[in-house]
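Colleague: Got a predicted model here, sequence first, then my questions.
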Amino acid sequence: MRIHVDLSFFPDYLISIITDSIEVKQFLIKDNYVTDKDKDNINTISAVFEFHGSIKEFEGQLTSILLKNSIKEYVIAQDMEKENTIAILKSGDLRQLGILVCDFCGALFHSEDEKYIHQRAHYFY
Ligand SMILES: [Zn+2]
């Protein structure tokens, strides 16, 4: 499965900690940084990985890399609006960026409505 990791909000000097880590280095598609414009015309930078597991497992790998390197101010979240996309975000900046995070699973949303609809589903499990 091809997974995009949105690094737009992650500082340049920390990117190599992710891309050179033993956990995910082997999955990185070399030199494949995608610069793109999102719907608000903001440049996004993402690294692309070819991972042979679920997106949840990949999220777990990224989380352990951050923990191992004591990078506590960043969180890993799945972008529900883009397919197979994980974003690394500064936890304090989420509100300012207009990003909302599910209280249960950490999934990421761009509006209160979406978050509400998604969170409701958790009550049924
Ligand atoms: Zn959730």
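Modeller: Noted; the coordinates are in hand. Being a predicted model, the structure only gives us computed values, none of them experimental. Numbering: from 1, shown residues only.
Colleague: where along the protein do the helices fall?
Modeller: Remark: helices assigned in the chain by DSSP state H are 12-19, 55-68, 112-122.
Colleague: can you list contacts of the second one?
Modeller: Contacts to helix 55-68, defined as Cβ atoms under 8 Å, 6 or more residues apart in numbering, come from residues 1, 3, 5, 17-18, 21, 23-24, 27, 49, 51, 72, 74, 76, 78, 84, 86, 88, 106. The way it works is simple: take the backbone N, C-alpha and C, and place the C-beta from them, glycine included.
Colleague: ok, back up a step: for the helices of the chain, which one sits closest to residue 99?
Modeller: Residue 99 lies closest to helix 112-122 among these, at 9.7 Å (Cβ to Cβ).
Colleague: do you know how far the closest residue to residue 108 other than its chain neighbours is from the ion?
Modeller: Ranked by Cβ to Cβ, 6 or more residues apart in numbering and with sequence neighbours excluded, the top spatial neighbour of residue 108 is residue 77, at 4.0 Å. In this structure, residue 77 and the ion are 10 Å apart, going by Cβ to the ion, to the nearest Å.
Colleague: Bridge partners for residue 77, pull those for me.
Modeller: Note on residue 77: beta-bridge partners by DSSP bridges are residue 87.
Colleague: Quick one: the helices of the chain as JSON lines, columns for mean pLDDT, mean neighbour count and distance to residue 44 too.
Modeller: Below are those laid out as JSON lines (pLDDT from 0 to 100; neighbours: other Cβ atoms under 10 Å; distance: least, Cβ to Cβ, whole Å):
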{"stretch": "helix 12-19", "mean pLDDT": "90", "mean neighbour count": "13", "distance to residue 44": "14"}
{"stretch": "helix 55-68", "mean pLDDT": "93", "mean neighbour count": "16", "distance to residue 44": "17"}
{"stretch": "helix 112-122", "mean pLDDT": "91", "mean neighbour count": "13", "distance to residue 44": "19"}
